[in-house]
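Novice: structure here, sequence nowhere to be found:
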């Protein structure tokens, strides 16, 4: 059986992910100038790079181990930085950035343990993608708190609940079910 050849590390999806990582810092800087509408535009561009890099990586078989690590890191940093910035501007309660950070740290630790102990990479499932999309919409809506209150809180709450459900699903599938099969 032929082994799948690894795509070059410096490919378009990984370059887009690196751009997204850079945009996290640019977003933070611009948000704190403060130019919230320019920061929103940066957030939207960063979100578009997430969709685009995933699409290109899957369609053209350009998935790399580096991309598997950097892509979720960029997503997590963008979300957490945006939530803390929106909290500092009074657009969202502190509970959202704090709980999102705790959940993401738990996912990173759990993913790292699975990778080092069992050489398994946790892949995004449908519920995780829906959670991320809902959270993304909630963050965008939070920029328009004045006219969308409390809709942005509802979106963020649903996004947070779905992301916790996704984490539990990943934990069950990768930890508990794995132990039951032993």
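Specialist: Yes, it's here. Remember, predicted model here, so these are calculated numbers, not experimental data. Numbers count the residues shown, from 1 in each chain.

Novice: okay, CA-based contacts and neighbour counts for the rest of this
Specialist: Fine.

Novice: now name the helix or strand holding the closest residue to residue 140 other than its chain neighbours.
Specialist: In space, and not counting its chain neighbours, residue 140 is closest to residue 40: 7.1 Å by Cα to Cα, 6 or more residues apart in numbering. Using DSSP states H and E, residue 40 maps to helix 36-59.

Novice: now the element after that helix, going C-ward?
Specialist: Under the assignment DSSP H and E, the closest C-terminal helix or strand after helix 36-59 is helix 65-88.

Novice: can you give me the end-to-end span of stretch 8-17?
Specialist: 14 Å (Cα to Cα, to the nearest Å).

Novice: kindly tell me how buried the residue nearest to residue 140 is, as a neighbour count.
Specialist: By other Cα atoms under 10 Å, the residues close to residue 40 number 19.

Novice: quick one, what contacts it?
Specialist: The neighbours of residue 40, taking Cα atoms under 8 Å, 6 or more residues apart in numbering as the test, are 27, 140, 143.

Novice: can I get these in JSON lines with neighbour count and secondary structure?
Specialist: Output for the contacts of residue 40, formatted as JSON lines (neighbours: other Cα atoms under 10 Å; DSSP: H, G, I helix; E, B strand; the rest coil):
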{"residue": "27", "neighbour count": "24", "secondary structure": "helix"}
{"residue": "140", "neighbour count": "19", "secondary structure": "helix"}
{"residue": "143", "neighbour count": "19", "secondary structure": "coil"}
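
Novice: could you find the closest non-adjacent residue to residue 161?
Specialist: residue 131 is the one closest to residue 161 (Cα to Cα, 6+ apart), at 7.9 Å.

Novice: contact partners for the one you found?
Specialist: Residue 131 neighbours (Cα under 8 Å, 6+ apart): 158, 159, 160, 161, 162, 163, 166.

Novice: which element is it on?
Specialist: Counting by DSSP H and E, residue 131 is found in helix 126-142.

Novice: can you pull the buried residues of that helix?
Specialist: Neighbour-count burial for helix 126-142 flags 127-128, 131-132, 134-142 (criterion: 16 or more other Cα atoms under 10 Å).
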